[in-house]
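Novice: the following block contains a protein sequence and its predicted model.
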Amino acid sequence: MNILKTAALGLSLALAAGPVFADGHATGDAEAGKKIFAKCKACHAIVDAGGTPIVKGGRTGPNLYGLYNQVAGTETEYADKYGPSLKAAGEAGLVWNEEDFVRYVQDPRAFLQEYLDDRKARSKMSFKLRKEEQARDVWAYLVSVGPEVDAEATQ
């Protein structure tokens, strides 16, 4: 009986972790990120591919649904509103992952300047989420509400 309880507990924990942690694409706390995202929704919404809002938010920034593994500056409904530096970063190969997202939201301008090796690079995003843990939590939340990630396609 003890073995069954241990196995059931292990399975429960694995299922609770879900796709966010099972595939290694996020190390933060998605529940904490959901609360922190309240700061982000002033400019950003999360709307699934079918048009159903997950989080209603502003339209100043792009929809953040499916951000994982997306080329920077290419969200289709926002494409003509991206700043030139973010578009250039995407053209230079920036694909959103946890590490780049965390660095970007902590200081968007500094990130783009470093990524592009261009002191004149700028970001339209003026908000900074300075604490690394909070940035990781928001990333975990975005991955958790995004489409399921095909682990084989990302390896």
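Specialist: The structure has been received and is ready for your questions.
Novice: can you pull the contacts of the most centrally placed residue in the chain?
Specialist: For the chain, Trp139 is the residue whose C-alpha lies nearest the centre (Cα atoms, centre = their mean; 4.0 Å). Contact partners of Trp139, counting by Cβ atoms under 8 Å, 6 or more residues apart in numbering, are Ala26, Gly28, Gly33, Glu98, Phe101, Val102. Bear in mind the C-beta positions are built from the backbone N, C-alpha and C, glycine included.
Novice: turn these into CSV, columns for pLDDT, neighbour count and distance to Lys87.
Specialist: Shown next, in CSV, are these (pLDDT from 0 to 100; neighbours: other Cβ atoms under 10 Å; distance: Cβ to Cβ, whole Å):
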residue, pLDDT, neighbour count, distance to Lys87
Ala26, 90, 26, 26
Gly28, 95, 25, 27
Gly33, 97, 25, 27
Glu98, 97, 19, 22
Phe101, 98, 23, 17
Val102, 98, 21, 21
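Novice: which non-adjacent residue is nearest Glu31?
Specialist: Tyr141 (7.8 Å; Cβ to Cβ, 6 or more residues apart in numbering).
Novice: go ahead and confirm the one you found touches Phe37.
Specialist: Yes. Taking contacts as Cβ atoms under 8 Å, Tyr141 lies within contact range of Phe37: 5.6 Å.
Novice: these two - which one has more neighbours?
Specialist: Tyr141 (26 against 22; other Cβ atoms under 10 Å).
Novice: ok, Arg59 - how many residues close by?
Specialist: Neighbours of Arg59 using other Cβ under 10 Å come to 12.
Novice: confirm for me that it is in contact with Lys41.
Specialist: No. Using Cβ under 8 Å as the test, Arg59 is too far from Lys41 to be in contact (10.9 Å).
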